[in-house]
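In: need a 3D model of the following:
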Amino acid sequence: MKAYVFPGQGAQFTGMGKDLYENSALAKELFEKANEILGFRITDIMFEGTAEELKETKVTQPAVFLHSVILAKTLGEDFKPEMVAGHSLGEFSSLVANGALSFEDGLKLVSQRALAMQKACEIKPSTMAAVLGLADNIVEEVCASIDGIVVAANYNCPGQLVISGETSAVEKACEAMKAAGAKRALLLPVGGAFHSPMMEPAREELAAAIEATTFTTPICPVYQNVTASAVSDPAEIKKNLIIQLTAPVKWTQSVQQMIKDGATLFTEVGPGKVLAGLIGKIDKEAVTANA
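Out: Numbering: from 1, shown residues only. Presented below is the predicted three-dimensional model:
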């Protein structure tokens, strides 16, 4: 079965999507529609902007979403997903690709998500850290033992987790992870504690926007970050998307479930090859490709 996967924040690069814009009339039309919806020329930043400009949350999330979704749309008849999944922000791309969300609604939600997360980040100092070489359960136990808010936020692949929370608690957790045998525990250059309770204000704000948006039955199931299982019911998809901001991204578990359910080829749609790399670490036998 053909599985398509969509990357999240961090995959952006200067020049992303430029070839699509120049070589496809459909892509150009969708990019221009996006500029209109967002109220600024995001294409200028995507094609010519500096790494710093691209790193702004209000730019990064829509930029990665647009690159993924427009690339999927230009594949035309070749794009026949039997299952989809996206990492964090990528879940929104996957829901436009499988028809649960319209292009316009998907972009509006991603833009609102980015702004809501930015606001939540400014309330209290918070951050994320990568932990390498420790079992999932040890990472969870260490987080639970620390005073303050710190949780496992991304299960990227076995031995590679990201923790998230209040800056002081994350710093303490990093020291404790190293003491517990982690190869590395290092702070990430992110704006705040995504996929942790620190995102509660953003979750509330985004919940209202998601509730007000029409979702339809998709052409194939989405393996959602929150459940790591196949979901096709629009009401359930909505519910899981709302929970997503304060819950962990179960990427390892999602990929394992997709393989159990018959995925034979994983095609990454969007900037970079991060997910293909993670999938190869989750299952050595997995076959990956880039769209």
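
In: separation between the residue positioned nearest the centre of the chain and Glu77?
Out: The geometric centre of the chain, computed from its C-alpha atoms, lies nearest to Ser88 (CA atoms, centre = their mean), at 2.4 Å. Per CB to CB, to the nearest Å, Ser88 is found 29 Å from Glu77. From N, CA and C alone the C-beta is placed, and that goes for glycine too.

In: returning to what we had before: Three-state assignment for the residue nearest to the centre of the chain, please.
Out: Using DSSP: H, G, I helix; E, B strand; the rest coil, the structure places Ser88 in coil.

In: ok, now which ones touch it?
Out: By CB atoms under 8 Å, 6 or more residues apart in numbering, the contact set of Ser88 is 8-9, 154, 194-195, 225, 244, 249.

In: how does it look with 10 Å?
Out: By CB atoms under 10 Å, 6 or more residues apart in numbering, the contact set of Ser88 is 6-10, 61, 64, 113, 153-154, 194-195, 225, 244-245, 249, 251.

In: also Gly277?
Out: Contacts of Gly277 (CB under 10 Å, 6+ apart): 156-157, 268, 288.

In: Met117: which of these is nearest?
Out: Of all the contacts of Gly277, Met117 sits closest to Asn156, with 19.2 Å by CB to CB.

In: lowest average confidence, helix or strand, in the protein?
Out: Within the chain, confidence by mean pLDDT, DSSP states H and E is lowest for helix 51-55 among all helices and strands, at a mean of 90.

In: ok, now which ones touch Ser232?
Out: Counting by CB under 10 Å, 6+ apart, Ser232 has contacts 98, 100, 217-222.

In: mind checking how far it is from Glu48?
Out: 40 Å.

In: so what's the gap between stretch 100-114 and the chain middle?
Out: Distance of stretch 100-114 from the chain centroid (CA atoms, centre = their mean, to the nearest Å) equals 13 Å.
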